[in-house]
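Chemist: Here is a sequence together with a model predicted from it:
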Amino acid sequence: MDCKKLQPKCLLTARGASYTATGYVLPCCWIDNPKGWNDEILKKFFDPNLHIDKNEIEEIINSKTWKNFFNLVKNNPKQAPKLCYRYCSVNKAYDATKKVTHFKK
């Protein structure tokens, strides 16, 4: 991951939240897979207390789980889940929109 820079699309683009067929709201659709379900950070989104049958969407996205996740990817990206790096990292010479940025050598 050293050669990659995390560019979380959930923060840097206009992408909306994702909704699972099982009733959960996620920051992105890529979390809804076996790797996301088993990741120590990401599996918190699948807490039954965050199910849409028990909460309004606004309550879910304002929950401690959501706030902690966004704080992590924004302020401590090196601790972000590997799944985030898989889908939201780019070579350090590019940004999330694939525009080239130039580094001094």
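Modeler: That came in fine, so what should we check first?

Chemist: for the protein, what spans make up the helices?
Modeler: 9-12, 34-38, 57-61, 64-75, 82-88 (DSSP state H).

Chemist: pLDDT score for Asp95?
Modeler: Note for Asp95: predicted pLDDT of 53.

Chemist: Next: Lys44.
Modeler: Reported pLDDT for Lys44: 97.

Chemist: Identify the residue nearest it in space, chain neighbours excluded?
Modeler: In space, Lys44 comes closest to Thr65 once its chain neighbours are excluded; the distance is 4.7 Å by Cβ to Cβ, 6 or more residues apart in numbering. C-beta here means a position set from N, CA and C on the backbone, and glycine is covered the same way.

Chemist: next one: Asp47
Modeler: Nearest one to Asp47, counting by Cβ to Cβ, 6+ apart, is Thr65 at 6.7 Å.

Chemist: do Pro77 as well
Modeler: Nearest to Pro77 is Leu6, by Cβ to Cβ, 6+ apart, at 4.0 Å.

Chemist: My read is that that neighbour contacts Val73, right?
Modeler: Yes - if you go by Cβ atoms under 8 Å, Leu6 and Val73 touch, sitting 6.6 Å apart.

Chemist: what sits in contact with each of the two?
Modeler: Ala80, Cys84 (Cβ atoms under 8 Å, 6 or more residues apart in numbering).

Chemist: more neighbours, these two?
Modeler: Taking other Cβ atoms under 10 Å, Leu6 and Val73 do not tie; Val73 has more neighbours (21 against 18).

Chemist: Stretch 67-79 - what's its average pLDDT?
Modeler: The average pLDDT within stretch 67-79 is 95.

Chemist: er, stretch 18-30 actually
Modeler: The model assigns stretch 18-30 a mean pLDDT of 95.

Chemist: how long is that stretch from one end to the other?
Modeler: In stretch 18-30, first residue to last residue: 9 Å (Cα to Cα, to the nearest Å).

Chemist: Tell me which residues of that stretch come out buried.
Modeler: For stretch 18-30, the neighbour count (16 or more other Cβ atoms under 10 Å) marks Ser18, Tyr24, Val25, Leu26, Pro27, Cys28, Trp30 as buried.
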